[in-house]
Every structure is written in C-alpha cells, then in structure tokens.
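J.: No letters, just coordinates:
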C-alpha cells in the first residue's frame with residue numbers, strides 16, 4: 001500500500017486552491033473546474049468542490065466541517081512561511097514555535113477552517129528523522 005493523497009471538500013474551490021498555492025509555493029494542476037491537485041514529492045493535496053461529493057455518495061462529506069485532522073507540510077523555513085502568510089491568513093493558531101519533539105511549527109487555519117501545520121525540524125534528532 002502507498003499513501004497517495006488527502007482530499008479537502010470545499011464550497012469555494014478557487015479560494016482554497018489560491019490559499020494552498022500561496023502557502024506552499026506549489027502550483028495546482030486542475031483536472032476540471034471542480035477538482036485540483038497540489039503534488040509534492042511525497043504526497044498530493046487534492047481539493048474538490050462540493051459538486052464532486054455526489055459522485056461518491058451525496059452528503060458523505062461536508063465542507064468546512066473538519067475538527068479532527070491537521071494537514072502537515074515539511075518546509076525548509078517555517079519562519080519564512082509565516083512571513084509570507086502573515087498579511088494573508090486571518091487565523092493563526094500559533095506563530096512559529098519550537099516544539100518539545102524538535103520541530104519548529106506554525107499552526108494556522110485555512111480559509112475553510114482546517115488546521116494546517118507547517119514545520120521545520122530543528123534539533124539533531126528531528127533533522128535525522130526527516131532526512132531524505
């Protein structure tokens with residue numbers, strides 16, 4: 001098995017894709033006006049409009065209704081991500097903070113309210129864990 005992607009269902013796909021393109025620096029590939037993907041070397045963030053839900057099962061997913069998942073991105077400079085987003089994001093949960101497990105993390109909410117963590121390993125153990 002290979003973990004490939006996570007998909008966010010949204011009521012405003014253009015707004016959410018714009019947010020993730022700016023936050024990650026990754027350009028989205030649009031398959032249709034209702035579906036886009038931001039591909040990284042290790043996984044893909046897929047974003048679908050609410051119209052795609054009916055193709056699976058009507059009502060099985062609701063936009064802006066997540067309170068259990070944190071979407072995480074490994075970045076080379078979490079403080080740089082913060083500087084890029086400080087005038088763009090309305091809901092920072094925490095500014096860049098070094099966590100006890102060795103990652104410097106920035107936790108925020110995307111335009112749909114989903115929690116997003118950008119992190120950079122900063123201690124030797126954390127750097128070793130994420131070495132590629």
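T.: Ah, there it is. What you see is a predicted model, and the numbers here were worked out from it, not measured in a lab. Numbers count the residues shown, from 1 in each chain.
J.: got a list of what the spatially closest residue to residue 27 that is not a sequence neighbour touches?
T.: Spatially, and ignoring its direct neighbours in sequence, residue 27 is nearest to residue 21 (6.1 Å; CB to CB, 6 or more residues apart in numbering). For the C-beta atoms, the positions are set from N, CA and C on the backbone; glycine is no exception. Residues counted as contacts of residue 21 (CB atoms under 8 Å, 6 or more residues apart in numbering) are 27, 28, 38.
J.: so which strand or helix has residue 21?
T.: Per DSSP states H and E, residue 21 falls inside helix 13-24.
J.: What's the mean pLDDT across that helix?
T.: Helix 13-24 shows a mean pLDDT of 97.
J.: ok, and what's touching whichever helix or strand comes after it?
T.: Sequence-wise, the next helix or strand downstream of helix 13-24 (DSSP H and E) is strand 29-32. Residues from elsewhere that reach strand 29-32 (CB under 8 Å, 6+ apart): 17, 36, 37, 38, 39.
J.: now those: which count as buried?
T.: 17, 36, 37, 38 (16 or more other CB atoms under 10 Å).
J.: can you count the residues close to the closest residue in space to the second one that isn't next to it in sequence?
T.: In space, and not counting its chain neighbours, residue 36 is closest to residue 28: 4.2 Å by CB to CB, 6+ apart. For residue 28, the count of nearby residues is 20 (other CB atoms under 10 Å).
J.: what sits against residue 28?
T.: When contacts are counted by CB under 8 Å, 6+ apart, residue 28 touches 17, 20, 21, 36, 37, 38, 47.
J.: Apply 10 Å and report the result again.
T.: Taking CB atoms under 10 Å, 6 or more residues apart in numbering as the definition of contact, the neighbours of residue 28 are 13, 16-18, 20-21, 35-39, 45-47.
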